[in-house]
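In: Pasting the sequence and the predicted coordinates here, then a few questions.
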Amino acid sequence: MERINRIVLKIGTATLYQNGKLTNRIDKIVELVAELHNRGYQVLIVSSGAVGAGYGKCPIDRTQLANRQALAAIGQPLLMKEYQDRFEKFGIVVAQVLLTAEDFDSRKRTQNARTMVEVLLSNRCIPIINENDSVAVDEMVIGDNDQLSGYVTYYFGGDLLIILSDIDAFYSANPKEDSTAHPIQVVTGIKPEWLKLEANPTDQFATGGIVTKLKAAKFLMEKGIPMFLTSGLNLEHLHSLLLERVQKGGTLFVPIKHWNKEE
């Protein structure tokens, strides 16, 4: 891969929560991000989990759209506080950035958002980005923070998108159904049939799945930007890729013209 300076890190709900409760995995993620930050990387975080955080305080029916929007409104400040408290221990300032699809449909709004993010990064602040779930109806139906992270990476000048998930890699088949399934280390093109796979989120608060990740990868690969899918439950592979420049696991989605095995 080419030189990586600006990283977008997308953290899935299943990474942060287990059985509706925030896990200590958030501490390990913050610790790694702080190390990257101190090494000079610019890191933008796209974080799911607002609905899950809201449900912990107000357990109402999640199947109704209005209720999910209300849960997001309750949970977003709670989730931000969790991040703020942890990053503060490392002397790092974080900022909440809430976006909707319209922010990427309008050139002026996109530029305004990009300018604001540049100010944050130039002042060594870490933006924590989420879809504005309480008003973004499409997000609540599709639940696509994977694609949001793809847009953030492209429009905000990211060199690499990393998706942390309970899925540790992209497999040749569904490993839960096929014993011969094996992880694919490098993908240089997205096959059309992959985008027709069943979207099957594993967490009760998650609304994505492997297909949304593949769509994000396709979007970025067409623009020459790589994406790395790895486990958020164990950060070993992410650590080795970024800090040792060695891929020991996970799946790297990279346009073939940008792929060099010797790097």
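Out: Structure's in. What do you need? A quick note: this is a predicted structure, and the numbers were derived from the prediction, not measured.
In: show me where pLDDT drops low in the stretch 51-200 of the chain?
Out: 133-143, 198-200 (pLDDT under 70).
In: tell me the strands in it, going along the chain?
Out: Secondary structure of the stretch 51-200 of the chain (DSSP state E, counting those that start in this stretch): strands at 93-99, 125-131, 160-165, 170-171, 183-184, 186-187.
In: hey, which of the ones you listed is tucked in deepest?
Out: strand 160-165 (a mean of 27; mean count of other CB atoms under 10 Å). Any C-beta I mention is one placed from the backbone N, CA and C, and that applies to glycine too.
In: Just the CA trace of it, in PDB.
Out: As requested, C-alpha coordinates have been extracted for strand 160-165 and formatted as PDB (Å, rounded to 0.1, in the frame of the first residue of the first chain):
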ATOM      1  CA  LEU A 160      -7.400   4.000   4.500                       C
ATOM      2  CA  LEU A 161     -10.700   2.800   5.900                       C
ATOM      3  CA  ILE A 162     -10.600   0.300   8.700                       C
ATOM      4  CA  ILE A 163     -13.800  -1.500   9.700                       C
ATOM      5  CA  LEU A 164     -13.700  -3.200  13.100                       C
ATOM      6  CA  SER A 165     -16.400  -5.800  13.400                       C
END
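In: Which strands or helices does that strand pack on?
Out: On a contact count with 3 or more CB pairs under 8 Å, 6 or more residues apart in numbering; DSSP states H and E, strand 160-165 meets strand 6-11, helix 13-16, helix 145-155, helix 210-221, strand 227-231.
In: on that earlier part again, looking at the strands of the stretch 51-200 of the chain, which is nearest to residue 152?
Out: strand 125-131 (5.9 Å; CB to CB).
In: Give the other helices and strands that the closest one contacts.
Out: Packed against strand 125-131 by the contact rule (3+ CB pairs under 8 Å, 6+ apart) you find strand 42-47, helix 65-88, strand 93-99, helix 107-122, helix 145-155.
In: possible to save these as a markdown table with distance to residue 184?
Out: Conversion of the helices and strands packed on strand 125-131 to a markdown table gives the following (distance: least, CB to CB, whole Å):
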| stretch | distance to residue 184 |
| --- | --- |
| strand 42-47 | 24 |
| helix 65-88 | 32 |
| strand 93-99 | 31 |
| helix 107-122 | 32 |
| helix 145-155 | 18 |
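In: I'd like to know which of those lies nearest to residue 12.
Out: Distances from residue 12 to each of those were compared by CB to CB, and the smallest falls on helix 145-155, at 7.5 Å.
In: who touches that closest one?
Out: Outside helix 145-155, the residues that touch it by CB atoms under 8 Å, 6 or more residues apart in numbering are 8, 10, 12, 44, 46-48, 99, 104, 110, 113-114, 129-131, 139, 158, 160-161, 163, 208, 212-213, 215-217, 219-220, 223, 225, 227.
In: from the residues you listed, which would you call buried?
Out: Neighbour counting with 16 or more other CB atoms under 10 Å marks 8, 10, 12, 44, 46-48, 99, 104, 110, 113, 129-131, 139, 158, 160-161, 163, 208, 212-213, 215-217, 219-220, 225, 227 as buried within the contacts of helix 145-155.
In: about what we covered before: what would the helices and strands packed on strand 160-165 look like in a markdown table with distance to residue 181?
Out: Written out in a markdown table, the entries for the helices and strands packed on strand 160-165 read as follows (distance: least, CB to CB, whole Å):
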| stretch | distance to residue 181 |
| --- | --- |
| strand 6-11 | 24 |
| helix 13-16 | 19 |
| helix 145-155 | 21 |
| helix 210-221 | 12 |
| strand 227-231 | 15 |
